[in-house]
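**Student:** Dropping a prediction and its sequence here:
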Amino acid sequence: MPDSNALKSETWYPDVFLPAMKEFRKGELVWKEDKIKDEGEDLNHMWFRLNERVYDLTDYFATIDYMQNQPQYNFLDAKLIDMVKSNAGQNLKEDWSNSLNKTTQENNLQCLENLFYVGRTDFRKTAKC
């Protein structure tokens, strides 16, 4: 068992923990499209797809409500917020492309990838060559 003083090292996480955990990572978490759609439409789960990638904004909306819509917590584009509220559980790729300009898409996508990405649609039962 390693000495607990080793945990005090600033490089312990990248040098020790991440390499040890790497052998356990097998792939991305996948979600069934029906589950995404049903929970978005029926259970007020604020997640959506951009093609096969799945993003969950449920905690984002809860934080905005809890913090009474303070601007520092409301950082995603207003059009994106409206799209998700109106179409939770859906593939928003077409609305994304038609409603947001390129710069807005890039900025919001970077944020979505860093904070709200939860997996991809389940590809295991789709047709393959």
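**Tutor:** Here it is on my side, so go on.

**Student:** Chain neighbours aside, what residue packs nearest to the most centrally placed residue in the chain?
**Tutor:** What sits nearest the mean C-alpha location of the chain, by CA atoms, centre = their mean, is Tyr117, with 2.0 Å. Distance criterion CB to CB, 6 or more residues apart in numbering; nearest residue to Tyr117, sequence neighbours excluded, is Tyr55 at 5.8 Å. C-beta coordinates here come from the backbone N, C-alpha and C atoms, glycine included.

**Student:** The one you found belongs to a helix?
**Tutor:** No: using DSSP: H, G, I helix; E, B strand; the rest coil, the secondary structure at Tyr55 is strand, not a helix.

**Student:** From Arg49, how far out is it?
**Tutor:** Remark: distance between Tyr55 and Arg49 (CB to CB, to the nearest Å) = 8 Å.

**Student:** which residues in the chain form helices?
**Tutor:** Assigned by DSSP state H, the chain shows helices spanning 12, 18-22, 33-42, 58-66, 78-86, 93-99, 102-111.

**Student:** circling back: the residue nearest to Tyr117 against Cys111, yeah?
**Tutor:** No: between Tyr55 and Cys111 there is no contact under CB atoms under 8 Å: 9.8 Å.

**Student:** Of these two, which one has the most company?
**Tutor:** Neighbours were counted for Tyr55 and for Cys111 using other CB atoms under 10 Å; Tyr55 has more, 22 against 16.

**Student:** The more buried one: what's it in contact with?
**Tutor:** Applying CB atoms under 8 Å, 6 or more residues apart in numbering to Tyr55 gives the contacts Trp47, Phe48, Arg49, Leu112, Phe116, Tyr117, Val118.

**Student:** Kindly report the same for Trp31.
**Tutor:** Counting by CB under 8 Å, 6+ apart, the residues that Trp31 touches are Val54, Val118, Gly119, Arg120, Thr121, Asp122.

**Student:** Now the last one: closest residue in space, sequence neighbours ignored.
**Tutor:** If I follow you right, that is Asp122. Residue nearest to Asp122 in three dimensions, not counting chain neighbours: Val30, with 4.1 Å by CB to CB, 6+ apart.
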